[in-house]
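Student: Got a sequence here, can you build the structure:
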Amino acid sequence: MRSHPHHQEATMPAPEAAVFDRLSALAAIDSPDARSRKTIAETFTGKPLGSVPVGTVEDVEAAFEKGRAAQARWAERSAADRAAVLDRYRALVVENREFLMDIVQAETGKARWAAQEEIMGLMFAARYFSKHAAPLLEPHRVPGAFPVLNRTSVGAKPKGVVGVVAPWNYPMLLSIGDSIPALIAGNAVVVKPDSQTPFSSLANAELLYRAGLPRDLLAVVPGPGTVVGTAIVDRCDYLMFTGSSATGRTLAEQCGRRLIGFSAELGGKNPMIVAKGAKLDKVAKAAVRACFSNAGQLCISIERLYVEREIADEFTAQFVAAVKAAKLGASYDYSADIGSLISEAQLETVSKHVADATSKGAKVLAGGKARPDLGPLFFEPTVLADVTDEMECGRNETFGPLVSIYPVDSVDEAIRLANDTEYGLNASVWAASKSEGERIAARLHAGTVCVDEGYAPAWGSTAAPMGGMGISGVGRRHGPDGLLKFTEPQTVVVTRFLNLDAPPMVSQESWQRFLMTVSRSLRFLPGR
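Tutor: Residues are numbered from 1 along each chain as shown. Coordinates of the predicted model:
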């Protein structure tokens, strides 16, 4: 990877300290001055941005107490009224998008275009749910037990107070983006942002309050997972989590003991299949985005490339050239293609995976090194060949800028290897035609599959469910499922004219014989 000296320093400064002081004051912590505080550093440089108060169990308890009171009033408002608040928030996101991108870049170190993915995701989620929530939540008629006698309808009641435990990699989209449908459904929400990225959640909370959301309805409580996260899980009526499969298992057990609902998007070891006839120059360019968005710190990014052997050399050459041409650097504009990792822990994981693989025979085709000359947490986008299952990166998620290429003898072999994993989150397919790509996609064990793209169109299709199979998740975000999971279905049946007791002057035997005859005839009615 060649050096890019003009990217060694951020081309624009991070937001001023006063901004972070203002956002810090929005944390749902009763006595900020009496609490300990955590300093948040700019990822590009390691310099302090600001500090936030650290939440306690008492702060979470207070947030839930206020949230329950606010939720009762919020649920009395119509779904259309609630949706209007979230639509005003969408307009504020558009208006303040540059500011929001500055915040998320400062906290995560991602490139500007990857930061814009978060803004677009928030816009799409708010637009979809604002437009479609009311009809989805409206009670609707279904066939009753006995026609005419019974009028049956199904409605949706909010869960109560929803807990959202959010990660650091897409800290706006995976905290507030998941809160949007919960709020429109009539719930209150308590968010625990990752300790490294609290300002991303707080900046959006500020916009939600400006849009007219009652302050007590959404609480952002920064703090460690062992304290704040555990307290939320112990009190919430439903939990939304994004993070590792290992943590997801633990939280699922905790929710199971309380018999509350749980939804999670977890890890992925996502494959891309490149078949003969695909336009390799187009694939190579798109694969750089698919593999290295947010420096590979994305659950749905690609880590495994299966390429038919006849085209493997040509594709590899084009892909490696595109990776080497990508600009790695710190920039608050669009001049950098790939940004920084977020933490020493992530840098260490990527470094160990590369070192382990090369020590066992893997070949580095591009990258392979940390870049302290660009900033404390930069690592070159890395492409490996000859990776085996014995290597750490062979079957385990790296969650960083590391991808492996595997030549295969056929599409059938590519599909078999792509499915040979516990994960099943996202996949990408490139073939000679759209129809061939769709046929391949249908055979893949993944919650979303993009044909002729990497991941973004599947994520952006907010009318469709998004989530994982296997150990990649439980439940779905987006689409009707992503709204209704935050509700409890309620069936109301009105019995008219006469109930199921035998009418006067009719024997029980005759009455039961009549009911059986009617029941048998119902099979001819539509909807049965």
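Student: strand partners of the helix or strand containing Val429, parallel vs antiparallel please.
Tutor: In the assignment (DSSP states H and E), Val429 maps to strand 426-430. Partner strands for strand 426-430, per DSSP bridges, with pairing direction: strand 270-274 (parallel), strand 448-451 (parallel).
Student: Other residues contacting it?
Tutor: By CB atoms under 8 Å, 6 or more residues apart in numbering, the surrounding residues in contact with strand 426-430 are 268, 270-275, 278-279, 283, 290, 299-302, 418, 437, 440-441, 444, 446-455, 458, 468. C-beta: built from backbone N, CA, C; applies to glycine.
Student: which of those are buried?
Tutor: 268, 270-275, 278, 283, 290, 299-302, 418, 437, 440-441, 444, 446-452, 454-455, 458, 468 (16 or more other CB atoms under 10 Å).
Student: In a markdown table, list the strands paired with strand 426-430 along with distance to Ala84.
Tutor: Shown next, in a markdown table, are the strands paired with strand 426-430 (distance: least, CB to CB, whole Å):
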| stretch | distance to Ala84 |
| --- | --- |
| strand 270-274 | 37 |
| strand 448-451 | 30 |
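Student: Looking at those, spot the one closest to Thr316.
Tutor: strand 270-274 (10.0 Å; CB to CB).
Student: next structured bit after the closest one?
Tutor: From strand 270-274, the next helix or strand downstream (DSSP H and E) is helix 280-292.
Student: which of the residues in that next one are buried?
Tutor: Buried-residue list, helix 280-292, by 16+ other CB under 10 Å: Leu280, Val283, Ala284, Lys285, Ala286, Ala287, Val288, Arg289, Ala290, Cys291, Phe292.
Student: and the longest helix for this structure?
Tutor: helix 112-137 (DSSP state H).
Student: helices or strands up against that helix?
Tutor: If contacts are counted by 3 or more CB pairs under 8 Å, 6 or more residues apart in numbering; DSSP states H and E, helix 112-137 sits against helix 79-95, helix 97-108, strand 150-158, helix 176-184, helix 456-460, helix 479-484.
Student: 7 Å instead, please
Tutor: With contacts taken as 3 or more CB pairs under 7 Å, 6 or more residues apart in numbering; DSSP states H and E, helix 112-137 sits against helix 79-95, helix 97-108, helix 176-184, helix 456-460, helix 479-484.
Student: winner for burial among those?
Tutor: Mean neighbour count (mean count of other CB atoms under 10 Å) peaks for helix 176-184 among the helices and strands packed on helix 112-137, with a mean of 28.
Student: Check the offset of that one from the chain's centre.
Tutor: Centroid separation for helix 176-184 versus its chain: 12 Å, with CA atoms, centre = their mean, to the nearest Å.
Student: Quick check: chain neighbours aside, which residue is closest to Met120?
Tutor: Gly460 (7.0 Å; CB to CB, 6 or more residues apart in numbering).
Student: Next, give phi and psi for Gly468.
Tutor: phi -120, psi 160 (degrees, to the nearest 10).
Student: I figured it hits Leu266, correct?
Tutor: Yes - using CB atoms under 7 Å, Gly468 is in contact with Leu266, at 6.2 Å.
Student: Check the offset of the longest helix of the chain from the chain's centre.
Tutor: 12 Å.
Student: Quick check: neighbours of the next helix or strand after it in the sheet, parallel or antiparallel?
Tutor: Reading on from helix 112-137 to the C-terminus, the next helix or strand found by DSSP H and E is strand 140-142. Take DSSP bridges as the rule and strand 140-142 pairs in its sheet with strand 150-158 (antiparallel).
Student: Name all residues that make contact with Ala463.
Tutor: Tyr128, Gly479 (CB atoms under 7 Å, 6 or more residues apart in numbering).
Student: any idea how far it lies from Ala125?
Tutor: 11 Å (CB to CB, to the nearest Å).
Student: Ok, Phe319 next?
Tutor: 32 Å.
Student: cool, Gly268 as well?
Tutor: 20 Å.
Student: Then Val518?
Tutor: Distance, Val518 to Ala125, using CB to CB: 47 Å.
Student: So which of the two has more stuff around it?
Tutor: Set Val518 next to Ala125 and count neighbours by other CB atoms under 10 Å: Ala125 wins out with 26 against 13.
Student: give me the number of residues near Lys131?
Tutor: 12.
Student: Spatially nearest residue to it, not counting backbone neighbours?
Tutor: Counting by CB to CB, 6+ apart, the residue nearest Lys131 is Ala83, at 7.5 Å.
Student: Quick check: the residue nearest the centre of the chain vs Val233, distance?
Tutor: A centroid search over the chain (CA atoms, centre = their mean) returns Leu174, at 5.0 Å, as the residue closest to the centre. Using CB to CB, Leu174 is found at 17 Å from Val233.
Student: Run the chain-centre distance for stretch 125-141.
Tutor: On the basis of CA atoms, centre = their mean, stretch 125-141 sits 20 Å off its chain's mean C-alpha point.
Student: Repeat that for stretch 338-354.
Tutor: 21 Å.
Student: same for the helix or strand encompassing Ala322, what does it pack against?
Tutor: For Ala322, the element it lies in under DSSP H and E is helix 309-325. Packing partners of helix 309-325 (3+ CB pairs under 7 Å, 6+ apart): helix 280-292, strand 363-366, strand 382-385, strand 402-408.
Student: switch the cut-off to 6 Å
Tutor: Applying 3 or more CB pairs under 6 Å, 6 or more residues apart in numbering; DSSP states H and E, one finds that helix 309-325 contacts helix 280-292, strand 363-366, strand 402-408.
Student: mean confidence for the longest one?
Tutor: In this case it means helix 280-292. Taken as a whole, helix 280-292 carries a mean pLDDT of 97.
Student: and the strand holding Val429, which residues are buried?
Tutor: Asn426, Ala427, Ser428, Val429, Trp430.
Student: and the host helix or strand of Val493, which residues are buried?
Tutor: If you go by DSSP H and E, Val493 is part of strand 487-495. Residues Thr487 are the ones in strand 487-495 that count as buried (16+ other CB under 10 Å).
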